[in-house]
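Trainee: Below is the sequence, then the predicted model.
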Amino acid sequence: MRLTAFLAQAATMAVMTTMVVAPAQAAPVAPGVIRPVRGCAELVRDYAIPGAATHVVSATLVEANGTEPAQCDVRGYVEPAVNFKLRLPTDTYRGRYVQHGCPGECGVMEQAPPECGPRNPDLAVAQTDDGHVGKGDFPANISDASWAEDNQAARDDFYFRAPHVVSVAVKKLIQRFYGAPPKQSYFFGCSTGGREGLILAQRYPHDFDGISVGSPAIFLGPLNGIYIAFAAKTNMGADGQSILTREKLPALHAAVLAACDHLDGLVDGQLDDPRRCRFDPGTVQCSAGTDDPDCLTPAQVAVVRKLYDGPRDPDGTRLYPGWQTRGSELSWDGHLVPNEFSSARPFPDQFLQYMAYPIGRPQSSLAEIEFTVEELRRLKPESIAGNAASLDMREFRRSGGKLIMWSGWDDQSIPAVGMLDYYQRVWQRSGGLQATQQWLRTYVIPSKYHAWTGGSRLTEFETFNALVDWVERGRAPVGIVATGTNPEGGPRTRPVYPYPLVARYDGTGSVDEARNFVPVRPPGRLNDVIHWAGEDLYHRPGPVAR
């Protein structure tokens, strides 16, 4: 079937079936609570699991409270040092296991926000620090990479091993506690957690029945060592201070909306596809000799133009498949424009100092990094081990696995266009878009910032119900509702349809209610592939073991 015909058919079917998944309070659950067959404390022991030798150091019975069910709180580690924590409900478990991904450089076991992992009381839930403990308090500790300086085992745990061995270990613990392994297993992660989810589908395709990845960090070295470093250095003057300041962002964003908000047919404070916007920051340049809050200096105009274009080498070759989108400007505060809580500079600096290059070889830093094809090549050897860029997920598909991939159009840390580039490469290799959407569907949320970051028009995008329905009932998701606020501060809901379908207002009712939108196909052919200097990385999955 031709692509245009498929898109038209999909849009028609979506309207007819009204399969829009709203963010319900709890997903439908299989009947019957599964009770433990042994006491919580009996889990404390050593487990000789092949390839995942496991030690449970504590298992504590915790009474129910207002937010959590009664549970067995399990703490342990998989050798050599992959710490995990596991919640095993004692009165509400119904057979589902959920594993959460971790943020940044990991080193923590923080509870995932709703869009990055569900909090339903009937789930067995596990998290891991990916094999190391970050220095400092959250969120500074997720920027720390000093643990990777001379510890290859810790690097490998972070790159690919930890999520897999924790899934193996936890399933054994679930079987011991309840008398049976989980009926279904799910993985949810954003950012680094999204990278983990793709790695699981690519390298360990039988670990999970369903995987949801948000804002996935598909590339390790090119993202952290080139793209994020480029954004930080582009906005750094010779004195180390920011050229573009946070005070200028509201006026810049307002100018973008004034120029482009109408392009999708609604003036609603968000751009449905920023790629259609051609706003030039030079149109808001200050008059000679002035520097007011509602305009940009020539130096600031130059910074914004570079951010909109993305990293290139001196000859113009792209060094990463992405750039800052027009409309994302408010999300730059604290990320591209440092503030007192920012990790914009420490994060790439730590990566370049301690993790970016093979152990024993010359390292770099944010101050020293140069944006050249040669430097990208120098990042590749170690990056390959942690990339989630393989296009081959045939075994995951054959095993019956289902994958939802999503990002926000205004993602300030990992551009959504890079995810769409990867998606098109996958479906071109996997029998076409229609065939690929039988097991992988991708969503791009207008105005949404990176992963769990708040502040955008649409802030929450919860995929749990949709993924469970797909895995357990065979009902592929068509529309998933994103929630947020309108420019006046009131509630807004919008359906987000499988890419490339987009939501269009049907002309009736409030523009802040999802029910008043229908899916349509955009004009023209899909052309999301981005040509850049690292294209050989798509065909080079990292090792499963060293």
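Mentor: That came through, no problem. Residues are numbered from 1 along each chain as shown.
Trainee: Surely Ile226 is within a helix?
Mentor: Yes: counting by DSSP: H, G, I helix; E, B strand; the rest coil, Ile226 is located in a helix.
Trainee: from now on call the first residue 49
Mentor: All right, first residue 49 from here; so that's Ile274.
Trainee: where does the stretch 249-398 of the chain have low pLDDT?
Mentor: Under the criterion pLDDT under 70, the flagged ranges of the stretch 249-398 of the chain are 387-391.
Trainee: redo that, cut-off 90
Mentor: Filtered on pLDDT under 90, the stretch 249-398 of the chain yields the residue ranges 288, 382-395.
Trainee: which stretches of it form strands?
Mentor: With DSSP state E, counting those that start in this stretch as the criterion, the stretch 249-398 of the chain has strands at 258-262.
Trainee: The spatially most central residue of the chain: what's it in contact with?
Mentor: Ranked by distance to the mean C-alpha position of the chain (CA atoms, centre = their mean), the top residue is Ser263 at 2.4 Å. By CB atoms under 8 Å, 6 or more residues apart in numbering, the residues touching Ser263 are 238-239, 242, 454-456, 459, 461-462, 467, 498-499. For glycine as for every other residue, the C-beta is placed from the backbone atoms N, C-alpha and C.
Trainee: distance of it from Lys496?
Mentor: Distance, Ser263 to Lys496, by CB to CB, to the nearest Å: 9 Å.
Trainee: Can you work out which residues contact both of those two?
Mentor: 455-456, 459.
Trainee: Show me the domain layout of the protein.
Mentor: Domains of the chain are assigned by automatic domain parsing as 51-264+435-578, 270-434.
Trainee: Please measure how far the first residue of the last one sits from its last one.
Mentor: In other words, domain 270-434. Across its full length, domain 270-434 reaches 11 Å end to end, with CA to CA, to the nearest Å as the criterion.
Trainee: Output the lowest mean pLDDT helix or strand found in this structure.
Mentor: The least trusted helix or strand in the chain, going by mean pLDDT, DSSP states H and E, turns out to be helix 51-65, with a mean of 40.
Trainee: Let me know whether Leu305 touches Gly317 as I believe.
Mentor: Yes: under the criterion of CB atoms under 8 Å, Leu305 is in contact with Gly317, at a separation of 6.6 Å.
Trainee: Which one's more surrounded, these two?
Mentor: Taking Leu305 and Gly317 together and counting by other CB atoms under 10 Å, Leu305 has the greater number of neighbours (20 against 16).
Trainee: ok, now which ones touch the more buried one?
Mentor: 317, 319, 375.
Trainee: Closest one of those residues to Asn534?
Mentor: Taking CB to CB as the measure, Asn534 sits nearest to Gly317 out of the contacts of Leu305, at 6.7 Å.
Trainee: could you measure the nearest residue to the closest one once chain neighbours are set aside against Ala299, distance?
Mentor: Spatially, and ignoring its direct neighbours in sequence, Gly317 is nearest to Pro535 (4.1 Å; CB to CB, 6 or more residues apart in numbering). When distance is defined by CB to CB, Pro535 is 16 Å away from Ala299.
Trainee: ditto for Val130
Mentor: With distances taken as CB to CB, Val130 is found 47 Å from Ala299.
Trainee: out of the two, which sits in the more crowded spot?
Mentor: Set side by side, Val130 and Ala299 show more neighbours around Val130, with 26 against 16, by other CB under 10 Å.
Trainee: wait, that one sits on Phe206?
Mentor: No: here Val130 lies out of contact with Phe206, judged by CB under 8 Å, at a distance of 9.6 Å.
Trainee: so what's in contact with those two at the same time?
Mentor: Taking CB under 8 Å, 6+ apart as the contact criterion, the residues that touch both Val130 and Phe206 are 178-179.
Trainee: Tell me which residues touch the closest residue in space to Asp361 that isn't next to it in sequence, please.
Mentor: Nearest-residue entry for Asp361: Thr420, 4.9 Å, with adjacent residues in sequence omitted and distances by CB to CB, 6+ apart. Residues near Thr420 by CB under 8 Å, 6+ apart: 361-362, 367.
Trainee: Thr420 and Arg426, how far apart?
Mentor: 9 Å.
Trainee: ok, now Glu536?
Mentor: Counting by CB to CB, the gap between Glu536 and Arg426 amounts to 50 Å.
Trainee: just Asn283 next, same as before
Mentor: The value you get for Asn283 to Arg426, if CB to CB is used, is 24 Å.
Trainee: Between those two, tell me which one has more neighbours.
Mentor: Using other CB under 10 Å as the criterion, Asn283 and Arg426 rank with Asn283 on top: 23 against 20.
Trainee: how close does that one sit to Val332?
Mentor: Here the criterion is CB to CB. By it, Asn283 lies 17 Å from Val332.
Trainee: and if you look at Arg366?
Mentor: Note on Arg366: its distance to Val332, by CB to CB, is 26 Å.
Trainee: Could you do Leu311 as well?
Mentor: In this structure, Leu311 and Val332 are separated by 18 Å, where distance is defined by CB to CB.
Trainee: And these two? Which one has more around it.
Mentor: Of the pair Leu311 and Val332, Val332 is the one with more neighbours under other CB under 10 Å, namely 21 against 15.
Trainee: what's that one in contact with, if anything?
Mentor: Val332 sits next to 299-300, 303, 342-344, 349 when contact means CB under 8 Å, 6+ apart.
Trainee: quick one: the helices in the stretch 199-348 of the chain?
Mentor: Along the stretch 199-348 of the chain, the stretches classed as helices by DSSP state H, counting those that start in this stretch are 200-204, 210-226, 240-251, 269, 276-282, 297-308, 346-357.
Trainee: So Leu384 is in contact with Ala279, correct?
Mentor: Yes: with contacts defined as CB under 8 Å, Leu384 counts as touching Ala279 at a distance of 4.9 Å.
Trainee: okay, now Tyr497: neighbour count?
Mentor: Using other CB under 10 Å as the criterion, Tyr497 is surrounded by 25 other residues.
Trainee: Now do the SS call for it.
Mentor: For Tyr497, the secondary-structure state derived from three-state DSSP is coil.
Trainee: Tell me who's in contact with the closest residue to Asp560 other than its chain neighbours.
Mentor: Distances taken as CB to CB, 6+ apart place Arg540 nearest to Asp560, at 4.3 Å, with adjacent residues excluded. Arg540 is in contact with 505-506, 531-534, 560, counting by CB under 8 Å, 6+ apart.
Trainee: Can you tell me which of the residues you listed lies closest to Trp518?
Mentor: The shortest approach to Trp518 among the contacts of Arg540 belongs to Thr531, at 20.5 Å (CB to CB).
Trainee: List the residues that contact the closest one.
Mentor: 71, 506-508, 539-541.
Trainee: those strands in the stretch 399-548 of the chain, which residues are they?
Mentor: Across the stretch 399-548 of the chain, reading from the start of the chain, the strands by DSSP E, counting those that start in this stretch fall at 450-456, 488-493, 506-509, 527-533, 539-544.
Trainee: mind checking which of these is nearest Arg442?
Mentor: Judged by CB to CB, the one of the strands of the stretch 399-548 of the chain that comes nearest to Arg442 is strand 488-493, at 11.7 Å.
Trainee: Measure how that closest one sits relative to helix 240-251, angle-wise.
Mentor: Note on geometry: by axes from the mean of the first three to the mean of the last three CA atoms, to 10 degrees, strand 488-493 and helix 240-251 are set 160 degrees apart in direction.
Trainee: quick one: strands adjacent to strand 488-493?
Mentor: strand 450-456 (parallel) (DSSP bridges).
Trainee: So which bits of the strand it pairs with are buried?
Mentor: Within strand 450-456, the residues that count as buried by 16 or more other CB atoms under 10 Å are 450-456.
Trainee: quick one: buried residues of stretch 237-251?
Mentor: When neighbours are counted by 16+ other CB under 10 Å, the buried residues of stretch 237-251 are found to be 237-251.
Trainee: Closest one of these to His180?
Mentor: Comparing the buried residues of stretch 237-251 against His180 with CB to CB places Thr240 closest, at 12.8 Å.
Trainee: and that closest one, what is it in contact with?
Mentor: Thr240 touches 149-154, 265, counting by CB under 8 Å, 6+ apart.
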